[in-house]
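[1] Here is my input, please return the structure:
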Amino acid sequence: MMFSIRSLLSLAILLLPILGFPFRISRSTHLATQCSSKAQGDDHGEKLYHDARRSFLIASGLSTLFGQAEPASAAKWLGRKSGLYVIDDTSDAVRKEQVDTPVPTLSSEYALLKILPVKNPVFRTLEQNIESLSVVRLQADDANEKDTKEKFRKAGQSVETAIKVLTEKRSQLQPVFFTEDSTQVAIAKGERGEVLIESLLADLSALLEATKSLNATLVSAREKKALLSLSYLGELLVKEYPYRVPTTGKFSFLPRLLGRATVTFRIKRKNSILGNITIVADGYTAPITAGNFVDLCLRNFYTGLPVKSMSKKFGPTSDPIATNVNVLGSFNEGFYSPLTGKLRRIPLEVIRLEKLTGSPKLSYSFLRPDFTSLDVLSFGSSSFTQGVSAASLADNMEGVSLIPSMNSKPLLTFDTPGLVAMNHPDNYPNGGSSEFFALQDNAFPDGKNRLLDGQYAPFGFIIEGSSVFQSLNDGDMIDATFVDDFGKLNLMQIRSSSFTDVVQGTEAAALLF
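    Okay, the predicted model is just below:
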């Protein structure tokens, strides 16, 4: 059998750690390994980790070599799913994993799990067992002692079941490897998978101890931690990116996040450090919006920019609600792309559910800045200014499916705590560039958060530093920006168009900007 030089080099790189040669592990992975080792004893945990890691590395190496010697480029891979506006998805993963109700609003951790396009039965069993502890979180303050003890007892049983399932069926939680994966990605997946399983086991053990304390606050905190660890593990189980992401015209130079990345901002007030705010940027929620955010973080665009309190109006133009929102990432008009020399504008990108089928659809707005009403935002608008019709647009674009807005609803709601979204000028939903925000407590009267649903693009969740975020004031500053190494691997840059196409765009793409 003939192998390319690249394939042989890939195999050599994979065999180095197996044969005992020094191998560099990232600091975050090393720390996680130490934590997981301490959970079961240093020697035992370290041996377990290295034995399993070797098997993963061998499997990933063989998969890369015998599956496809030359991995396809990101542009070619994405090209199979080109399209624009409301995309009619044909992915098996989406058809099988239909979502018929909006994501629960209990916490960001719940949302991160529900959005994942994963059908793995072991993964979903773990999710159900951990989420069943919400009965403890939501118990009434006046519950009697007997009922309270019974709820904690059942909660403990659920955690014990989760630990048993994870221990006995961990082999069914191996990362999914693709022929498109580079050697770097394959190695990172294998190492990360084992570290995350050990981390989840440690989190579940801590959660079990919390149920014995009858302390609902402690149980809630440790349940969230376990759910977050499970969501990290779930990212490695995604068999196929579930949506078609546009790659043509002006979309061709927009970065996209085909997975997730963790971003941490260090916040400063005058000469004092307030603390950190950690956000999971979610490409399964808004791939281009999240990709733009992570791209700007890697460029260090946000570092040094202040928090700005902006007065914004939400709801119908006839009876809007005005409120002040703390917006981050504000700098003049926004980010100017070095590729085009022009202001990078991000279209309004929202995952919507078809009411009849419950299928999630990746959607983009047809609304142009010369419209003044948000009631004609896309999904079947019958006409445009300058005589351009939605029907003719659909005829000329591959993969376009027009759906009336009345027949769909946003997957995510702004009732979800810690939901992060891209900001855009009022009445110009496709005018976002670099600004983003999340709602602080009491930003709106009860029930009014939903006025933002479908009008702004959610792309991430605050998972740590909520108290720091809630305390933000006008003038506070982002002092430093950090992006996790694994998340960087999920950021894709597409350069399939010529420079002329990028600058001029197609007639259809121009409608967005």
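
[2] CA only for contacts and neighbour counts going forward, please
    Fine.

[3] quick check: longest helix of this protein.
    In the chain, with assignment by DSSP state H, the single longest helix is helix 183-213.

[4] tell me the angle of the next helix or strand after that helix relative to helix 183-213?
    Proceeding N to C from helix 183-213, the next assigned helix or strand is helix 216-235, under DSSP states H and E. Inter-element angle recorded for helix 216-235 and helix 183-213: 160 degrees (by axes from the mean of the first three to the mean of the last three CA atoms, to 10 degrees).

[5] just checking, what packs against helix 216-235?
    If contacts are counted by 3 or more CA pairs under 8 Å, 6 or more residues apart in numbering; DSSP states H and E, helix 216-235 sits against helix 108-115, helix 121-131, helix 134-137, helix 183-213.

[6] Quick one: mean pLDDT over the next helix or strand after that helix.
    Downstream of helix 216-235, the next assigned helix or strand under DSSP H and E is strand 256-257. Average pLDDT, strand 256-257: 95.

[7] same question, stretch 344-354
    For stretch 344-354, mean pLDDT rounds to 88.

[8] Ends of it, what's the gap?
    From its first residue to its last, stretch 344-354 covers 30 Å (CA to CA, to the nearest Å).

[9] picking up where we left off before, show me which positions of the longest helix of the chain end up buried.
    Going by neighbour count (16 or more other CA atoms under 10 Å), the buried part of helix 183-213 is 183, 185-208, 210-211.

[10] Where does pLDDT dip in the stretch 101-250 of the chain?
    Across the stretch 101-250 of the chain, residues meeting the criterion (pLDDT under 70) sit at 101-106, 137-143, 249-250.

[11] List the residues that contact residue 223.
    In this structure, residue 223 makes contact with 130, 131, 133, 207, judged by CA atoms under 8 Å, 6 or more residues apart in numbering.

[12] scratch that, residue 214
    Taking CA under 8 Å, 6+ apart as the definition of contact, the neighbours of residue 214 are 148, 149, 152.

[13] quick one: which of those residues has the most company?
    residue 152 (23 neighbours; other CA atoms under 10 Å).

[14] these two touch, right, that one and residue 212?
    Yes. Assessed by CA atoms under 8 Å, residue 152 is found in contact with residue 212 at 7.1 Å.

[15] returning to that earlier point: take the helices and strands packed on helix 216-235 and lay them out in JSON lines including distance to residue 235.
    Rendered in JSON lines, the data for the helices and strands packed on helix 216-235 read as follows (distance: least, CA to CA, whole Å):
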{"stretch": "helix 108-115", "distance to residue 235": "9"}
{"stretch": "helix 121-131", "distance to residue 235": "11"}
{"stretch": "helix 134-137", "distance to residue 235": "23"}
{"stretch": "helix 183-213", "distance to residue 235": "10"}
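
[16] can you tell me which of the ones you listed comes nearest to residue 323?
    With CA to CA, the closest approach to residue 323 among those belongs to helix 108-115: 23.4 Å.

[17] Which residues outside the closest one are in contact with it?
    103-105, 127, 224, 227-228, 230-231, 234, 284-285, 416-419, 461-463.

[18] please redo it, this time with the cut-off set to 10 Å
    Outside of helix 108-115, the residues that reach it under the criterion CA atoms under 10 Å, 6 or more residues apart in numbering are 99, 102-105, 123-124, 127, 131, 223-232, 234-235, 260, 280, 282, 284-285, 360, 411-412, 416-419, 460-463.

[19] Which secondary structure element is home to residue 150?
    With secondary structure defined by DSSP H and E, residue 150 is part of helix 145-168.

[20] Okay, buried residues for that helix please.
    For helix 145-168, burial by neighbour count (16+ other CA under 10 Å) applies to 148-149, 151-152, 154-163, 165-166.

[21] Now the two most distant members of the residues you listed.
    Of all pairs drawn from these, the widest gap by CA to CA lies between 148 and 166 and measures 27.2 Å.

[22] Save the contacts of residue 214 as CSV, and put in distance to residue 455 too.
    Supplementary listing: these in CSV, determined by distance: CA to CA, whole Å:
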residue, distance to residue 455
148, 42
149, 44
152, 41
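
[23] Looking at those, which one is closest to residue 170?
    Within the set of the contacts of residue 214, residue 152 lies nearest residue 170; the separation is 26.2 Å, counting by CA to CA.

[24] If we ignore the residues flanking it in sequence, what's nearest that closest one?
    residue 211 (5.6 Å; CA to CA, 6 or more residues apart in numbering).

[25] The one you found against residue 133, yeah?
    Yes. Because the distance of 9.2 Å satisfies CA atoms under 10 Å, residue 211 is recorded as touching residue 133.

[26] Please enumerate the shared neighbours of those two.
    When contacts are counted by CA under 10 Å, 6+ apart, residue 211 and residue 133 have 151, 152, 154, 155, 156, 157, 159, 219, 220 as shared neighbours.

[27] a markdown table please, covering those residues and showing distance to residue 327.
    As requested, those are exported to a markdown table (distance: CA to CA, whole Å):
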| residue | distance to residue 327 |
| --- | --- |
| 151 | 41 |
| 152 | 41 |
| 154 | 43 |
| 155 | 39 |
| 156 | 41 |
| 157 | 44 |
| 159 | 39 |
| 219 | 33 |
| 220 | 29 |
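
[28] And those, which two are furthest apart?
    When the shared contacts of residue 211 and residue 133 are compared pair by pair using CA to CA, the maximum separation belongs to 157 and 220, at 15.9 Å.
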